[in-house]
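> Need a 3D model of the sequence below.
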Amino acid sequence: MSEQEIIDLCQKWKLEYFSELYEKYADPIYKFIYLKTYDKELSEDLASQTFFKALDKINSFKNTQDSHFKAWIYRIAYNLVIDTYSSKKETVQIDELLEFGYDEDFWKNLDNKEKLREIFAYFDTLKEKHKQILLMRLWDDLSYKEISVLTWESIDNCKKVVSRTLANIPTTYMSLLLILLLNI
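Numbers count the residues shown, from 1 in each chain. Model prediction:
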């Protein structure tokens, strides 16, 4: 059954089919939120809220050429994160970030955590919006169109941000960055 067929059934109050959408997007949405909060419990709460809100508003979703469910649910998650942090800004220590990982063997086999720290330090020098666009593209594997919907930036600008940012990453870090993105 296609995603659109599942959405159509959910919009006809056959909400038991929503679990299929949840299964498809739960992990990516959690990762997306975690990259913005660096807080496991908060990320779990916001991911749950994302799906409750999506379920509650499923009838307002219209699948068009310019709007896809993936972008819609990411927008809900993004807005919840923004709402949560609109009045406060928390920081995270790099050591806390390095504790995160789905594959513990990856972290054990990583020869030089210092290079990884340097990559994260480089990311901290980026403008927040540029960092988010790059992470949405590389980490969340969102299309430029989906990123455009989430950030209110043009598709061309999103492409420029990604290409220019990647061009400025030292080549010695690029392979480590790719390994990180492929293994988490």
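
> make it CA atoms for all contacts and neighbour counts henceforth
OK.

> residues making contact with the helix or strand hosting residue 29?
Here residue 29, judged by DSSP states H and E, is contained in helix 18-37. Residues outside helix 18-37 that contact it (Cα atoms under 8 Å, 6 or more residues apart in numbering) are 3, 6-7, 10, 40, 43-44, 46-47, 51, 55, 70, 74, 77-78, 81, 136, 140.

> In helices, which of those fall?
3, 6-7, 10, 40, 43-44, 46-47, 51, 55, 70, 74, 77-78, 81, 136 (DSSP state H).

> For the residue most central in space within the chain, give its distance to residue 20.
Closest residue to the average C-alpha location of the chain: residue 32 at 2.6 Å, with Cα atoms, centre = their mean. Distance of residue 32 to residue 20, computed by Cα to Cα, to the nearest Å: 19 Å.

> Check residue 134 too.
Using Cα to Cα, one gets 28 Å for the distance from residue 134 to residue 20.

> in this protein, which helix or strand is least confident?
For the chain, counting by mean pLDDT, DSSP states H and E, helix 94-99 ranks last in confidence among helices and strands (a mean of 45).

> re the thing from before, what mean pLDDT does the helix holding residue 29 get?
Computed over helix 18-37, the mean pLDDT rounds to 90.

> what number of residues lie near the closest residue to residue 55 other than its chain neighbours?
In space, residue 55 comes closest to residue 18 once its chain neighbours are excluded; the distance is 7.3 Å by Cα to Cα, 6 or more residues apart in numbering. Using other Cα atoms under 10 Å as the criterion, residue 18 is surrounded by 19 other residues.
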